[in-house]
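> Any chance you could fold what I've pasted below:
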Amino acid sequence: MPRAQSVSITGSVLRWAREASGFSEDELARKLGVSSEQVRAWEENRESPNRTEFAALVRLLRRPSSVFFLPEPPKVAAVQAQFRRRAGTYAERTNREEAHWIRVAARLQEVASWAISELQLESAHLPKVSASADPDVTGSKERLRFDVPIGDQISWATPEAAFRQWRLAVESKGIIVLLLRLGKESCRGFSLSDVHAPLIAINSAYNAAARIFTLFHEYGHLLTGTSSICPAWIDEVAEDIERWHERFSAAFLLPAEDFLEAANKARQRRELADLELVRYLAGRFNVSLRAVAVRLIELGAADRALYELVAERATVADFSKAGRGGKGLKKVERRFQEFGYLLPRLLLSAKEREVLRLHEILDFLDVGAGDLRRMGELLRPRR
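This next block holds a predicted model:
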């Protein structure tokens, strides 16, 4: 290969990007169709990849091409979140999709936080809650603060409509809510605390009802300052902190008086087996099977065996009728689905006040100039 075709990247940056993306030398070599020794030679600056190999590296490691020419690896602060692959256990590392999207989320949060500070906008106001507080009481207090009547919740036609409304309600509190393509092998969601721009990310692989439960599970993490990357299922041996957030989310979504009244009426009208009752209540309140099971148990209306009974069915149920994850949508619609409305509105405000430049906004939102104009039109208040 002629020397003119090689791309002189920084080996230590390549090693940093590979490790941060979850690839071993052997795995990356297989993806590129080269030997492990070849990858090692690039990382040790003994050789350089050709243009085709470099383009493949950029694509596989999901980094801007300019990063690989830095003199040394960028100093990126670690995401302050605890990761639990399964209930009660800690994973050594995230998988590749999780690692990628956590990087994306942290980058977006950083620029949003900076923009809020520069624009002197009001930061998100979140009460400080101790994880030793009663999660049922905390859930009830937060429900009152959100001021969403139970009648509105019941009136939402579908769980998809309910998720859209709850997402807007959380964004109204100054919290960025992302819906990301993490995949079925990944966590349900994660949360990242920040003084100005707290962030929640939800896995789009789950259906709308499951997303709602995750949304407020992660909201609870922001309240208690325990940012976390949460597992697919919480079992009876899970840590107290995860059970606390399960109970908080269920209490928020299912106010005790209205919930018990609906459960008692359903039992009086017809004889429902436990699972039938759970399904009925989940449909009535636009929540997941898991949320109903947690709430029935905490209110003394069912025993703990119900949780495991629901667990056997809820994993499959939570994936059924999941959204398309943006497929088939126009680019502007897809970006609003992924990033919500708060983040694009904030970035556009930063551009208008010359805090951020146009090319930076296009990069952050991954859109073209025409798409950005359309986003601005849709976000403009109607008269």
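> any low-confidence regions in the chain?
1-4, 75-94, 227-239, 271, 314-317, 319-329, 382-383 (pLDDT under 70).
> Give me the domain ranges for this structure.
3-69, 83-319, 333-379 (automatic domain parsing).
> middle-most residue in this protein, spatially?
residue 201 (1.5 Å; C-alpha atoms, centre = their mean).
> If that one is in a bridge, with which residues?
Following DSSP bridges, residue 201 is listed with bridge partners residue 178, residue 190.
> could you pull out the helices for the stretch 51-200 of the chain?
51-61, 96-119, 135-146, 150-155, 159-171 (DSSP state H, counting those that start in this stretch).
> got it, and the stretch 201-350 of the chain?
208-224, 240-253, 256-269, 274-285, 289-298, 305-319, 331-339, 342-352.
> my read: residue 38 touches residue 50, true?
No - at 10.8 Å, residue 38 does not count as touching residue 50 under the criterion of C-beta atoms under 8 Å. Glycine gets a C-beta too; all of them are placed from N, C-alpha and C.
> related to what we said a few turns ago, among the domains of the chain, which is the most enclosed?
domain 83-319 (a mean of 19; mean count of other C-beta atoms under 10 Å).
> Centre of the chain to it, how far?
11 Å (C-alpha atoms, centre = their mean, to the nearest Å).
> just stretch 21-32 next, same as before
Worked out by C-alpha atoms, centre = their mean, stretch 21-32 lies 26 Å from the chain centre.
> got the CA positions of it in PDB?
Taking C-alpha atoms only, stretch 21-32 is exported to PDB below (Å, rounded to 0.1, in the frame of the first residue of the first chain):
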ATOM      1  CA  SER A  21     -16.500   1.200  22.800                       C
ATOM      2  CA  GLY A  22     -16.200  -2.300  24.400                       C
ATOM      3  CA  PHE A  23     -14.000  -3.900  21.700                       C
ATOM      4  CA  SER A  24     -11.000  -6.200  22.300                       C
ATOM      5  CA  GLU A  25      -8.200  -6.100  19.800                       C
ATOM      6  CA  ASP A  26      -9.300  -9.400  18.400                       C
ATOM      7  CA  GLU A  27     -12.900  -8.300  18.100                       C
ATOM      8  CA  LEU A  28     -12.100  -5.100  16.300                       C
ATOM      9  CA  ALA A  29      -9.600  -6.900  14.000                       C
ATOM     10  CA  ARG A  30     -12.400  -9.300  13.000                       C
ATOM     11  CA  LYS A  31     -14.800  -6.500  12.200                       C
ATOM     12  CA  LEU A  32     -12.200  -4.800  10.100                       C
END
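> returning to what we had before: now do the contacts for the residue nearest to the centre of the chain.
101-102, 105, 177-180, 182, 189-192, 218 (C-beta atoms under 8 Å, 6 or more residues apart in numbering).
> One more pass at 6 Å, please.
105, 178, 180, 189-190 (C-beta atoms under 6 Å, 6 or more residues apart in numbering).
> got a markdown table for these, with distance to residue 63 too?
Output for those, formatted as a markdown table (distance: C-beta to C-beta, whole Å):
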| residue | distance to residue 63 |
| --- | --- |
| 105 | 16 |
| 178 | 20 |
| 180 | 18 |
| 189 | 24 |
| 190 | 21 |
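> Most widely separated two among those?
Farthest apart among those by C-beta to C-beta are 105 and 189. That separation is 10.4 Å.
> Next up, phi/psi of the nearest residue to residue 369 once chain neighbours are set aside, please.
Distance criterion C-beta to C-beta, 6 or more residues apart in numbering; nearest residue to residue 369, sequence neighbours excluded, is residue 362 at 6.6 Å. Dihedral angles phi and psi of residue 362 (degrees, to the nearest 10) take the values phi -60, psi -40.
> Against residue 263, how distant is residue 362?
51 Å (C-beta to C-beta, to the nearest Å).
> again with residue 276
12 Å.
> Same check on residue 47?
Distance from residue 47 to residue 263, by C-beta to C-beta: 68 Å.
> Please apply the same query to residue 374.
Taking C-beta to C-beta, one finds residue 374 at 46 Å from residue 263.
> likewise residue 51?
For residue 51 relative to residue 263 (C-beta to C-beta), the value is 64 Å.
> was I right about residue 68 contacting residue 12?
No - Residue 68 lies out of contact with residue 12 (C-beta atoms under 6 Å); the separation is 10.4 Å.
> quick one: which helix or strand includes residue 37?
helix 36-43 (DSSP states H and E).
> now the angle from that helix to helix 51-61?
90 degrees (axes from the mean of the first three to the mean of the last three C-alpha atoms, to 10 degrees).
> Can you show me the CA trace of helix 36-43 as CSV?
The C-alpha coordinates for helix 36-43 follow below in CSV (Å, rounded to 0.1, in the frame of the first residue of the first chain):
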residue,chain,number,x,y,z
SER,A,36,-4.9,-8.5,15.7
GLU,A,37,-1.3,-7.7,15.2
GLN,A,38,-2.3,-5.0,12.7
VAL,A,39,-4.6,-3.3,15.2
ARG,A,40,-1.8,-3.5,17.8
ALA,A,41,0.6,-1.9,15.4
TRP,A,42,-1.7,1.0,14.8
GLU,A,43,-2.2,1.5,18.6
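> Give me the helices and strands touching it, please.
Helix 36-43 is packed against helix 11-20, helix 25-32, with contacts defined by 3 or more C-beta pairs under 6 Å, 6 or more residues apart in numbering; DSSP states H and E.
> residues in contact with the first one?
By C-beta under 6 Å, 6+ apart, the list of residues contacting helix 11-20 from outside reads 28, 42-45, 61, 63, 68, 70, 73.
> try 8 Å
Residues contacting helix 11-20 (C-beta under 8 Å, 6+ apart): 25, 28, 39, 42-45, 57, 61, 63, 67-70, 72-74, 99, 103.
> quick check: angle from it to helix 36-43?
Using the same axes, to 10 degrees: helix 11-20 against helix 36-43 is 120 degrees.
> could I get helix 11-20 in PDB with only the CA atoms?
Output of helix 11-20 as PDB, limited to C-alpha atoms (Å, rounded to 0.1, in the frame of the first residue of the first chain):
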ATOM      1  CA  GLY A  11      -2.300   5.200  18.400                       C
ATOM      2  CA  SER A  12      -3.200   6.000  22.100                       C
ATOM      3  CA  VAL A  13      -6.400   7.700  20.900                       C
ATOM      4  CA  LEU A  14      -7.400   4.600  18.900                       C
ATOM      5  CA  ARG A  15      -6.800   2.400  21.900                       C
ATOM      6  CA  TRP A  16      -8.900   4.700  24.100                       C
ATOM      7  CA  ALA A  17     -11.700   4.700  21.600                       C
ATOM      8  CA  ARG A  18     -11.600   0.900  21.100                       C
ATOM      9  CA  GLU A  19     -11.700   0.200  24.900                       C
ATOM     10  CA  ALA A  20     -14.400   2.800  25.500                       C
END
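> If anything else comes up later, I'll come back, but that's it for now.
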